[in-house]
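Participant: Provide a 3D model corresponding to the input given below.
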Amino acid sequence: MVRIVTDSTADLLPGVAADLDITVVPCYVVFGTETYRDGVDLTKGQFYEKLAGASVIPTTAAPPPAVYEHVYEQLAQVTRNIVSIHLAGKLSAIHASAASATKSVSGVRIVALDSEQVTMGYGWMAIAASEAARRGASLEQIVALIESMKSRSQVLAVLDTLDFVHRGGRVGWVRAMLGSLLKIKPIVKVHGGEVRLVDRGRTWNRSLDKLMERVQALGPLERAIVLHANAPDLAECVADRLQTLDPKWDRLVGQAGVTIASHAGPGAVGIACVTSG
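Facilitator: Below is the predicted model of the structure:
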């Protein structure tokens, strides 16, 4: 059976990776001189506690190729086919690190894919890939499935502030827009590996209205989850709205992981979804 690998930034809900045999490689979170493995040395709760008292915004780092080499070598003992799905290459070195490692492991076919997405925008891809593998899909079929999901996957989110995105330095337009977006809740979209400002509202309610209008315009959703950066009440409000739009939606609400929260900032809330093909 094809085995699936992803990284911790995919923000899979607790228990999902174990249930579906998805191998999750932890990314690194750096607070000053202290480095933690996401989800191993630092839980989401601990991260937000540290963030509240931190004098500097934390940074994130990709695992080196050697970490992926070890993971692939371990999996090579039980499979000859691996699909590794990772955070958008335009936003992180994670995919490049995984792709580099594929060249150093022999006796197994490994395809490292740039998801062109963030958080559960590609967490859904890892889940779909594992489900397909369990049905007996080949490596080629799974790769084709993920490629077909890229255009249908997106993350729409309302941010409390652009300060964290700005300091992260990965999104070019933020610096030019920062001054004009003071006291306004920006709505961003991640699609095709790009983070774009798509709308804005002067209040949370107006921004959430605009968020739901954009989600509704996408049409039927195949998969969807509401994610938040330490804003559970706001996330439940968004989930209520989404449930109203789609009564058949399997209600899923999760906390964004430390890597995304480091860049989006606390208070952000959004929807990671895949539209129907």
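Participant: Can you list the buried residues in the host helix or strand of residue 215?
Facilitator: Assigned by DSSP states H and E, residue 215 falls within helix 204-217. Buried positions in helix 204-217, judged by neighbour count with 16 or more other Cβ atoms under 10 Å: 207, 208, 210, 211, 212, 214, 215. (Each C-beta comes from the backbone N, C-alpha and C, glycine too.)
Participant: list the contacts for the second one?
Facilitator: The neighbourhood of residue 208, defined by Cβ atoms under 8 Å, 6 or more residues apart in numbering, consists of 158, 201, 237, 238, 241.
Participant: next one: the third one
Facilitator: By Cβ under 8 Å, 6+ apart, the residues touching residue 210 are 187, 199, 200, 201.
Participant: With adjacent residues omitted, what lies nearest to the second one?
Facilitator: Think residue 199. In this structure, residue 199 finds its nearest non-sequential neighbour in residue 187, 4.2 Å apart by Cβ to Cβ, 6 or more residues apart in numbering.
Participant: Count the neighbours of residue 202 for me.
Facilitator: Residues contacting residue 202 under the criterion other Cβ atoms under 10 Å number 10.
Participant: So it sits against residue 184, correct?
Facilitator: Yes - with contact defined as Cβ atoms under 8 Å, residue 202 counts as touching residue 184 (5.8 Å).
Participant: returning to what we had before: just send the contacts of residue 208 back as CSV, with pLDDT and distance to residue 55 too.
Facilitator: Below are the contacts of residue 208 laid out as CSV (pLDDT from 0 to 100; distance: Cβ to Cβ, whole Å):
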residue, pLDDT, distance to residue 55
158, 92, 27
201, 84, 31
237, 96, 32
238, 97, 31
241, 97, 36
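Participant: Counting only strands, which of those make the cut?
Facilitator: If you go by DSSP state E, those have 158, 201 in strands.
Participant: Compare the contacts of residue 208 and tell me which has the most neighbours.
Facilitator: Counting neighbours by other Cβ under 10 Å, the top entry in the contacts of residue 208 is residue 158, with 26 neighbours.
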